[in-house]
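[1] this one's structure only:
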């Protein structure tokens, strides 16, 4: 069977959820995860979210 609805939730996002991560400064990555960074809630990439979750310095 096809997977017609995969990624449906990010189609409404600006640029399909892609942009520049404010933490690691990578361009063209999906910035979908909302996290509190430096006292403000921002959207960050998956790798930075995992790094913060495991308590490593960013």
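    Sure, I can see it. Quick caveat, the model's predicted, so the values are computed rather than measured. Numbering: from 1, shown residues only.
[2] And the closest residue to residue 23 other than its chain neighbours, how close does it get to residue 34?
    Leaving aside its sequence neighbours, residue 23 sits nearest to residue 48 (CB to CB, 6 or more residues apart in numbering; 4.3 Å). All C-beta spots, glycine's among them, are computed from the backbone N, C-alpha and C. With the distance defined as CB to CB, to the nearest Å, residue 48 ends up 12 Å from residue 34.
[3] For these two, indicate the residue with more neighbours.
    Shown here are residue 48 and residue 34; by other CB atoms under 10 Å, residue 48 has more neighbours (20 against 11).
[4] Wait, that one touches residue 29, no?
    No - counting by CB atoms under 8 Å, residue 48 stays clear of residue 29, with 9.2 Å between them.
[5] what sits in contact with each of those two?
    residue 21 (CB atoms under 8 Å, 6 or more residues apart in numbering).
[6] all strands for this protein, in order.
    Assigned by DSSP state E, the chain shows strands spanning 18-19, 29-30, 33-37, 40-44.
[7] between those, which gets nearest to residue 3?
    Residue 3 lies closest to strand 29-30 among these, at 17.3 Å (CB to CB).
[8] Show me what the closest one is packed up against.
    strand 18-19, helix 46-53 (3 or more CB pairs under 8 Å, 6 or more residues apart in numbering; DSSP states H and E).
[9] mind listing what the shortest one pairs with, with the direction of each?
    For strand 18-19, the pairing partners within the sheet under DSSP bridges are strand 29-30 (antiparallel).
[10] Let me see the residues that make contact with the strand it pairs with.
    10, 17-21, 45-47.
[11] For that strand, what is the distance to the chain centroid?
    In this view, strand 29-30 has its centroid 6 Å away from the chain centroid, taken as CA atoms, centre = their mean, to the nearest Å.
[12] Check stretch 48-55 too.
    On CA atoms, centre = their mean, the centre of stretch 48-55 falls 12 Å from that of its chain.
[13] Could you measure from the closest residue to residue 24 other than its chain neighbours over to residue 2?
    Setting aside the residues directly before and after it, residue 24 is nearest to residue 48 in space (CB to CB, 6+ apart), at 5.4 Å. Residue 48 sits 32 Å away from residue 2, going by CB to CB.
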